[in-house]
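Undergrad: Everything below, folded, please.
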Amino acid sequence: MKLRHKEIGGALGLLAGTTMGSGIGFLIGWHSYDLIVLVAFFGLFGITAGRWAGSRIVFKEFP
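TA: Residues are numbered from 1 along each chain as shown. As a prediction, this is how the structure comes out:
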């Protein structure tokens, strides 16, 4: 199965977004529900940004 660029971008965006959200939540010192909301927000933002980047020329260089 060949993945499309938008799918790869969305997956990488989810990974990057949730990692960044978790790191920022740790630095702020948030716990429980606040942290879940922050990680979910950054995850959704990462998916959106990754799918946008996947539809652009960013990933077109790779075979």
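Undergrad: Pull out the buried residues from stretch 17-28.
TA: 17-18, 20-21, 25 (16 or more other C-beta atoms under 10 Å). C-betas here are computed from N, CA, C, even on glycine.
Undergrad: got the residues you listed as CSV, with secondary structure, pLDDT and distance to Phe41 columns?
TA: Output for those, formatted as CSV (DSSP: H, G, I helix; E, B strand; the rest coil; pLDDT from 0 to 100; distance: C-beta to C-beta, whole Å):
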residue, secondary structure, pLDDT, distance to Phe41
Gly17, helix, 93, 8
Thr18, helix, 94, 10
Met20, helix, 93, 10
Gly21, helix, 92, 7
Gly25, helix, 91, 10
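Undergrad: What ranges does the protein have for its helices?
TA: Per DSSP state H, the chain carries helices over the ranges 5-28, 32-55.
Undergrad: Show me what the last one packs onto, helices and strands only.
TA: Helix 32-55 sits against helix 5-28, with contacts defined as 3 or more C-beta pairs under 8 Å, 6 or more residues apart in numbering; DSSP states H and E.
Undergrad: returning to what we had before: quick check, nearest of the buried residues of stretch 17-28 to Phe42?
TA: Of all those, the one sitting nearest Phe42 is Gly21; the distance, using C-beta to C-beta, is 3.0 Å.
Undergrad: Give the burial count for the nearest residue to the closest one once chain neighbours are set aside, as a bare number.
TA: Computed as C-beta to C-beta, 6 or more residues apart in numbering, the closest residue to Gly21 that is not its neighbour in sequence is Phe42, at 3.0 Å. Neighbours of Phe42 under the rule other C-beta atoms under 10 Å: 22.
Undergrad: Do I have it right that Phe42 meets Ile24?
TA: Yes - using C-beta atoms under 8 Å, Phe42 is in contact with Ile24, at 7.4 Å.
Undergrad: The closest residue to Ala11 other than its chain neighbours and Gly21, how far apart?
TA: Leaving aside its sequence neighbours, Ala11 sits nearest to Gly50 (C-beta to C-beta, 6+ apart; 7.2 Å). Between Gly50 and Gly21 the computed distance is 14 Å (C-beta to C-beta, to the nearest Å).
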